[in-house]
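output the structure for:
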Amino acid sequence: IHGKALCMTVSHHARRVLTIAAGTPFLRTLAETLCAGTLTADYLYDAADPLSLARVTIYVPTRRSARVLRSEFVDLLGGRSAILPLIRPLGETDDDSGFFDIENPEIMDLAPPISGTGRLIELARLILAWRNSLPDAIRAIHSDSPLVAPASPADAIWLARALGEVIDAMDTEEKDWEALQHLDTGEHAQWWQLTADFLRIASVFWPARLSELNRSSAGRHRNAILRAEANRLTNLPNTGPIIVAGSTGSIPAAADLIAAVAALPQGTVVLPGLDLAMPEEQWQAIAEDPTDPSSRTHSQYGLYMLLQKLGIVRDDVVQIGMLDHDLEKRSAVFSAALAPAKSTSDWNRWREERPAGFIHDAFENATLIEAANEREEATAIAVALRLALQAPGAGRPSQAALITPDRGLARRVATELQRFGIEADDSAGTP
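Model (predicted):
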C-alpha cells in the first residue's frame, strides 16, 4: 500500500469463567454477586430501576434450582418491586412443553418426547415379544432367572428400567447403536450372545417403535433443544448479560451451550466447586487415561473436560464467594482425599506438611454417629435437623438439609420429622 505498512489490531473476547467453592451457598452467592455488579462484565444492577434485572438471562441445571434462585433474588430485593431475571433450567427441558419453541421455531418440527411411563410400558412389551421369540432351549436354561428371560409383565418392567438406563446413556453421549453390530460374540459364552441379542431391542426395535408412535427419545429431544438454543445464542444481538451457572457440562449438548455462552461478549459461566487447590500434576492425572474408570468417575473429571472444551486452564478461572475458615480446611482435606489413584502415595507427605491439629480443626463441627439400626439412624438425623432449625440463622430463617442417595432413609427421616411438626421438602419428590 504505497510502501506503508498496514497494521491491524484484533480484539479477542476474554472468556469470563468463575467458580463458587463447594461449601458456599451457591445460588445465594450467585444472586448477591450479580446485584453487586461483580459477576458479569459491563453490567451494574440499578436498585432504582425495576427493569434492571430483567435484562439478565440465567441458565441453571434444574427447575428446583430455578425456583430457589428466584427466592434468593426476592430476599435480596427486600420487598422492592422488580422484574426478575429470566431463569431457565437446562436439564429438564423435556418436562416443559414449548420450553424454547417461541424463540427457536426450528425445533417445532421435532416429534414430542415420549414420557417416562410410556417408554417403560412400550419397552416392556418389546421385551416380552423378544422373550417369546427365543428358542425353547434358551428359555429353559434361564427359566430360574426372570430378569434374564422375563416370565411376566412385572419381570419385563424391571428389565425395561435397566434397558432404559442404557438408552439414556447412549442418547446423552450421542453414540451410534451401529457399533453393536461389530461385536463378535461367537467365541464367548451363550450369556454374552443372549445379551447382544437383547440389546437389539434398543438398537433396532425401539427406534422403529418410536417412529410408529410419532414420538422421539427424550434424551435426543433434549439434546436437539439445547443445541438449538446454543445456535440461537450464537446469533443473538448483544442485549444483556447471559449467565450459565451450576452446570458441569456432563451432557455434551449442555457443554456446547455453555461454550456458546462463554463466547458471548456479555456471557458468564459460573462453575460449581472447581478445585483450585489441587496440585497441577494431580489435576492433569485426572484425565491422563480416559479409559481408566477411576479417572472418569473422579468428581472433577467433568469440570476438567469442560475447561478443555472452553479452551482455558484453571488459572483463568476466578473464585467468587468466601468459605469459612474451618470449611476451607475441610475442603483441603477432601481435595487430598479425592486425589487421583496414582497420587494417593502422596497422602503421608501431605499430612506431614500440614500444621498440627489441621485435620482436627477441619472437622471440629462434624459429628459421627454410629446407629444400632435403621430407625435409630433416622431418629438421630431427624433430631439433628430439628436442633439445626432451632438455632438462630444469619439474618434469615435457619435452614438444614439431609443429603443421601438412600430413598428409604430419606422417607424414614421425613416421617420422624413429622413427629416434631416439621414437613420436609424432598427434592426427589414423594410417591
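
please report how far residue 233 lies from residue 263.
9 Å (CB to CB, to the nearest Å). To be clear about C-beta, it is placed using only N, CA and C from the backbone, and glycine gets the same treatment.

again with residue 154
50 Å.

for these two, indicate the residue with more neighbours.
More crowded of residue 154 and residue 263, by other CB atoms under 10 Å: residue 263, with 15 against 10.

who's in contact with the nearest residue to residue 266 once chain neighbours are set aside?
Among residues not flanking residue 266 along the chain, residue 241 sits closest, at 4.7 Å (CB to CB, 6 or more residues apart in numbering). Contact analysis of residue 241 by CB atoms under 8 Å, 6 or more residues apart in numbering lists 34, 39-40, 43, 55-57, 266-268.

please redo it, this time with the cut-off set to 6 Å
When contacts are counted by CB atoms under 6 Å, 6 or more residues apart in numbering, residue 241 touches 40, 43, 56, 266.

give me the distance from the helix or strand encompassing residue 359 to the chain's centre.
Remark: residue 359 resides in helix 358-362, with elements defined by DSSP states H and E. Distance of helix 358-362 from the chain centroid (CA atoms, centre = their mean, to the nearest Å) equals 30 Å.

about what we covered before: make CSV out of the contacts of residue 241 and add pLDDT and neighbour count.
As requested, these are exported to CSV (pLDDT from 0 to 100; neighbours: other CB atoms under 10 Å):
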residue, pLDDT, neighbour count
40, 90, 21
43, 89, 18
56, 95, 22
266, 90, 20
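
now for those residues: which two are most distant?
Comparing all pairs in the contacts of residue 241 by CB to CB, the longest separation belongs to 56 and 266, at 9.3 Å.

which one is residue 46 nearest to, not counting chain neighbours?
Nearest-residue entry for residue 46: residue 52, 4.3 Å, with adjacent residues in sequence omitted and distances by CB to CB, 6+ apart.

equivalent analysis for residue 219, please.
residue 171 (2.9 Å).

before we move on, which element is the one you found in?
Here residue 171 sits within helix 153-173, counting by DSSP H and E.

gap between the residue nearest to residue 266 and residue 29?
On the measure of CB to CB, residue 241 and residue 29 end up 16 Å apart.

quick one: low-confidence parts of the stretch 301-431 of the chain?
Applying pLDDT under 70 to the stretch 301-431 of the chain picks out residues 393-395, 430-431.

show me where it has strands.
318-320 (DSSP state E, counting those that start in this stretch).

quick check, residue 254 in contact with residue 90.
Yes. Applying CB atoms under 6 Å, one finds residue 254 in contact with residue 90, separated by 5.5 Å.

what sits in contact with each of those two?
By CB under 6 Å, 6+ apart, the residues touching both residue 254 and residue 90 are residue 247.

for the helix holding residue 359, packing partners?
helix 325-337 (3 or more CB pairs under 6 Å, 6 or more residues apart in numbering; DSSP states H and E).

what about the closest residue to residue 427 other than its chain neighbours, how many residues nearby?
Setting aside the residues directly before and after it, residue 427 is nearest to residue 64 in space (CB to CB, 6+ apart), at 5.8 Å. Residues near residue 64, counting by other CB under 10 Å, number 13.

how much space between residue 64 and residue 270?
17 Å.

repeat that for residue 331.
18 Å.

and if you look at residue 111?
34 Å.

likewise for residue 276?
14 Å.

between the two, who's got more neighbours?
For residue 276 versus residue 270, neighbours defined as other CB under 10 Å are more numerous around residue 270 (26 against 15).

for the more buried one, what are phi and psi?
phi -120, psi 110 (degrees, to the nearest 10).

report the beta-bridge partners for it.
When assigned by DSSP bridges, residue 270 has beta-bridge partners residue 18, residue 245.

okay, it: pLDDT?
pLDDT recorded at residue 270 is 97.

correct me, but it touches residue 18?
Yes. Using CB under 6 Å, residue 270 makes contact with residue 18 at a distance of 4.9 Å.

follow-up on the earlier one: now the residue nearest to residue 427: which helix or strand?
Counting by DSSP H and E, residue 64 is part of helix 63-77.

what mean pLDDT would you report for whichever helix or strand comes after that helix?
Going down the chain from helix 63-77, the next helix or strand is strand 86-89, by DSSP H and E. The pLDDT scores in strand 86-89 average 93.

what does strand 86-89 contact?
Contacts for strand 86-89 (CB under 6 Å, 6+ apart): 57-60, 62-63, 66, 69.

which one (most neighbours) among these?
Most surrounded of the contacts of strand 86-89: other CB under 10 Å gives residue 58, at 28 neighbours.

that one and residue 244: what is the separation?
For residue 58 relative to residue 244 (CB to CB), the value is 8 Å.

please apply the same query to residue 23.
21 Å.

so those two - more neighbours on which side?
Set residue 23 next to residue 244 and count neighbours by other CB under 10 Å: residue 244 wins out with 26 against 16.

for that one, give me its contacts.
59, 258, 261, 269.

number of nearby residues for the residue nearest to residue 238 when sequence neighbours are not counted?
The spatial neighbour of residue 238 that comes closest, neighbours along the chain excluded (CB to CB, 6+ apart), is residue 265 at 5.7 Å. Burial of residue 265 is recorded as 12 neighbouring residues (other CB under 10 Å).

one more: the one 3 residues further on?
Counted with other CB under 10 Å, the burial measure for residue 268 works out to 24 neighbours.
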